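> Give me the fold of what follows.
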Amino acid sequence: MAAFLQWRKFVFFDKEAVSDPLDNGKKFVLPKGISASDSGRGLLVLGDMEGRIWLVTRSLQLTSFQAYKLRVTHLYQLKQHSILVSVGLDEHGINPLVKVWNLDKRDSGNPLCTRIFPANLGTKPTEVSCLSIHENLNFMAIGFTDGSVVLTKGDITRDRHSKTVTLHEGSSPVTGLAFRQVKSTHLFVATLEKVYCFTLSVKEYPKVELDSHGCALRCSSLADPSQDSQFIVAGDECIYLYQPDGRGPCFAFDGQKLLAHWHRGYLFLVVKDVKSPNKTGFGGGEISPSEKQLLTVYDLDNKFIAYSFCFDDVIDVVAEWGSFYILTRSGTMFLLQEKDTQTKLEMLFKKNLFVMAINLAKSQHLDSDGLSEIFRQYGDHLYLKGDHDGAIQQYIRTIGKLEPSYVIRKFLDAQRIHNLTAYLQALHRKSLANADHTTLLLNCYTKLKDSSKLEEFIKNYQEGLHYIGCLPFEQAESNMKRYGKTLMHHVPEGTTLLLKNICTNYYPTGEAVSVDHCQVNKANSEEFIPIFANNPRELKAFLEHMIKVDPCSPQGVYDTLLELRLQDWAHEEDLEKKKILQGEAVSLLKSDNTVFDKALVLCQMHNFKEGILYLYEKGKLYQQIMHYHMQNEEYGKVVEVCKHYGDQEGCLWEQALGYFAKKEEDCKTFISEVLHHIDQKNLMPPLLVVQTLAHNSTATLSVIKEYLINKLKRESQQIEADDKKISQYREETSVLRSEIKELKTSAKIFQKTKCNMCNSPLELPSVHFLCSHSFHQHCFESYAESEAECPTCTPENRKVMDMLRSQDQKRDLHDHFNRQTVVRSTGDQRRILLRGSLPRSDPQILQDSPEWVNKESIALLFWGKPSFITVLLSP
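Residues are numbered from 1 along each chain as shown. Next up is the predicted model:
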């Protein structure tokens, strides 16, 4: 065993004999004749020579059931299922039976046996040497002393859903089996002479011979994922580790191996401690009662011995409930309890084994604070030994946990300035340096006369930008306001990216983002716009990012972005790109964040027609829209504006007519269209139309001929219609006068037999009206609005009263007209001077004007204009 003596030995486990809590603390005694054992699912499972299976709970309560008539030879307890598989004998001879037990189900108080089948596939009698079950319950492998391996594929708990085949045949007894499940399923097979690996994910089950050295019975095991699930084979000279495709590392641990187990990152080896007779049969399978065994616990990762002790007649080592149990033939069960990590580290510190302590802490997944403390102690140890270079490397590993001043004070001596410089450089690389640390580093460069490092540090804008990005929010914001322009000049893209982070949701670089972190750190993006001077491309990217991430960005962000887009549009010569830029600018104008006045000024500055017209329309400045087209002499657009907005602002047609009237070009087509709409909607008096067109030398009588003819025709039609109504009203009035006279001079006989309201026979009391309508009194009271009016005639009477009131108003208007006129005679003509304004009203006012007034001239008055108006009248 000379090889492993080079490994350091520690006592990282506490050993004690397990006592029985039910028997006043006396030693717990195992059942006699233990022949097989395993553990899992909170139980220790034991099989004896009398065919019984024993279950040991955590409280050391023993229960058993008769599994076989003769004896139990093998047990396998699955870790992920409450399934126990056993091999034993029910009759004399070589006829082993496999039984599958469901420990969660009961049959007469015992676990339910779900399946029984013979282990041997053929008629050739042979003993079972080892057993292994895949955790998914789809594979079971049985090894035999004749060198064969039988594989059962399918649900091992049922007969109908599984298939059994002979996987391997050989001359050397099978000593170990283990399933490996990573990406594919593999089965490792160990014999006394060789090691094989079968790939079960492939239909033909291809076999690879891994080694020509085998091992004794129970001297193989499968490591956990920390060792890449390698197959461990314990030979008498070495420990070999295997992958499915070949042999891996080996360790020179000599001695005759009796048992090998892998539990929780440790390799447990039981080795003969004294000289003993030669191996029989399976090497380690038969043990003389007088022999002692040495149990050694190896940490293969960190290469030390965690525990070593001699025991008498070890049966097995099992792991359960976070501890390890050593079963002995004397019936005593020993508990191995691993010491806690801190205790193990303190033991290493006392021996100054800091490297081993660091490796152990990492393998035990110690947190960063714990690791930093080990680095500090290691650094202190090296510093006291005078190894300053080694010490500073350990102190550098504490950055972020250990206060920098603790290290700096140790290395302020001029002779250690190189070490101090290395530490300060690391501090800056991790962005944990403050201004004092930076000053100290510059002083170190100066004292070392390292001009290249000094210049590199000062002008390393990328490093400076990274450093700012690692600072807390307030410091990062203030530094970017201070140094942002310089950084933007040298590192525009990186600076823009950092500003995006600062103005949205800032986290220092390298800091883990907490899902539960509710506080949002973001700066006012408008304050950083001056930093982008002379960098319009980056500024545009920054502003577009801001309005995308935060639609409620400050107003200055939208105004500046609009200006940039308009500038790009104005300078772009490619028509396709110009159209795209135009759409981007208009989309920004349509957002709710655009201020009307500022946006309009920007659009006018860049002569952005689409934007100007959109803003005019948004502000309902319809006259401005028309004036814009007038300025650009877009005659068709002027008419379109009138059509589109004329209903909302009628004066547009008048202004359009005046505009075309002042044009010396031939605008007859547009004038005709405008006149058509003015005529249709009666927007202007004919005289005003004539006066307006009198300014245009190209507008001849033919332009307004149709308009005047239509106007006169409609006036004539209106006169005819009025004459007909007058005649109709005169006839109706004559009839009414006759009826009134008859009512005044003659008696009225009421002959109605039905109520005009409910149409039921009329009964007393009843109400009668001179209009010949009669009602029940209760009907009249329910529907009448007034006791003096007939409910049936009231609607028609109301219309008549409204007409009378309207006539009274017109009479008042006529009187007002006479008061506002002054008549003067000048030769053969008379003039009417109107004071103030004459409101627009029905032409009826002219019907009652003096006879000497020319009605047609009066009708052409400039209605509604507040000024003195002179109208020439015929004599």
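> Flag the shaky bits of the stretch 1-150 of the chain, pLDDT-wise.
1-5 (pLDDT under 70).
> again, only this time at 50
The stretch 1-150 of the chain contains residues with pLDDT under 50 at 1-4.
> Looks to me like Leu336 is in a strand.
Yes - membership of Leu336 in a strand is supported by DSSP: H, G, I helix; E, B strand; the rest coil.
> Surely it is in contact with Phe13?
Yes - shown here, Leu336 and Phe13 form a contact pair, counting by CB atoms under 8 Å, at 4.6 Å. Yep, even glycine has a C-beta here, placed from its N, CA and C like the rest.
> for stretch 521-541, what is the average pLDDT?
The pLDDT scores in stretch 521-541 average 85.
> scratch that, stretch 229-240 is what I was asking about
The model assigns stretch 229-240 a mean pLDDT of 92.
> got it, and stretch 198-207?
pLDDT averaged over stretch 198-207 gives 91.
> Okay, now it: how far is its last residue from its first?
5 Å (CA to CA, to the nearest Å).
> excluding its backbone neighbours, what's nearest Asp14?
Closest residue to Asp14 apart from its sequence neighbours, by CB to CB, 6 or more residues apart in numbering: Gln337 at 4.8 Å.
> What is the neighbour count of that neighbour?
Gln337: 12 surrounding residues under other CB atoms under 10 Å.
> rewinding a little: who's more crowded, Leu336 and Phe13?
Shown here are Leu336 and Phe13; by other CB under 10 Å, Leu336 has more neighbours (23 against 19).
> quick one: contacts for the closest residue to that one other than its chain neighbours?
Closest residue in space to Leu336, ignoring its immediate chain neighbours: Phe324 at 4.1 Å, by CB to CB, 6+ apart. By CB atoms under 8 Å, 6 or more residues apart in numbering, Phe324 lies in contact with 13, 263, 268, 317-318, 335-338.
> Over to Phe324: give its phi and psi.
Phe324 adopts backbone torsions of phi -120, psi 140, taken as degrees, to the nearest 10.
> While we're on it, how confident is the model there?
On the pLDDT scale, Phe324 gets 96.
> Over to the one 5 residues further on?
For Arg329, the model assigns a pLDDT of 92.
> show me what contacts it?
Contacts of Arg329 (CB under 8 Å, 6+ apart): 34, 289, 312-313, 315.
> Secondary structure element for His418, which one?
helix 417-429 (DSSP states H and E).
> quick revisit: enumerate every residue touching the residue nearest to Asp14.
Contacts of Gln337 (CB under 8 Å, 6+ apart): 13-14, 16, 323-324.
> again with Ser82
41, 102-104.
> Buried ones among these?
41, 102-103 (16 or more other CB atoms under 10 Å).
> Show me which positions of stretch 760-775 end up buried.
762, 766-767, 769, 771, 773-775.
> picking up where we left off before, report the set of residues contacting both of Leu336 and Phe13.
297, 307, 324.
> As CSV, those with distance to Phe139 would be great.
CSV is the format used below for the shared contacts of Leu336 and Phe13 (distance: CB to CB, whole Å):
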residue, distance to Phe139
Val297, 30
Tyr307, 34
Phe324, 28
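> Buried ones in stretch 232-245, by neighbour count?
Applying 16+ other CB under 10 Å to stretch 232-245 flags 232-236, 239-244 as buried.
> Kindly report the same for stretch 617-627.
621-623, 625-627.
> Could you do stretch 629-646 as well?
629-630, 635, 637-639, 641-642, 645-646.
> tell me the average confidence for that stretch?
The model assigns stretch 629-646 a mean pLDDT of 76.
> Then stretch 177-195?
94.
> CA atoms only for that stretch, dumped as PDB, please.
Written as PDB, here are the backbone C-alpha positions of stretch 177-195 (Å, rounded to 0.1, in the frame of the first residue of the first chain):
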ATOM      1  CA  LEU A 177     -22.500  -4.900 -13.500                       C
ATOM      2  CA  ALA A 178     -23.500  -1.200 -13.700                       C
ATOM      3  CA  PHE A 179     -25.800   0.800 -15.900                       C
ATOM      4  CA  ARG A 180     -24.700   4.300 -17.100                       C
ATOM      5  CA  GLN A 181     -27.300   6.700 -18.300                       C
ATOM      6  CA  VAL A 182     -26.000  10.000 -19.800                       C
ATOM      7  CA  LYS A 183     -27.000  10.600 -23.400                       C
ATOM      8  CA  SER A 184     -27.100   6.900 -24.200                       C
ATOM      9  CA  THR A 185     -27.600   3.900 -22.100                       C
ATOM     10  CA  HIS A 186     -24.600   1.700 -21.400                       C
ATOM     11  CA  LEU A 187     -23.900  -1.400 -19.400                       C
ATOM     12  CA  PHE A 188     -20.500  -2.000 -17.900                       C
ATOM     13  CA  VAL A 189     -19.600  -5.700 -17.300                       C
ATOM     14  CA  ALA A 190     -16.600  -6.700 -15.200                       C
ATOM     15  CA  THR A 191     -15.200 -10.300 -15.000                       C
ATOM     16  CA  LEU A 192     -12.200 -11.700 -13.300                       C
ATOM     17  CA  GLU A 193     -10.200 -11.200 -16.400                       C
ATOM     18  CA  LYS A 194     -11.700  -8.400 -18.500                       C
ATOM     19  CA  VAL A 195     -13.900  -5.300 -18.600                       C
END
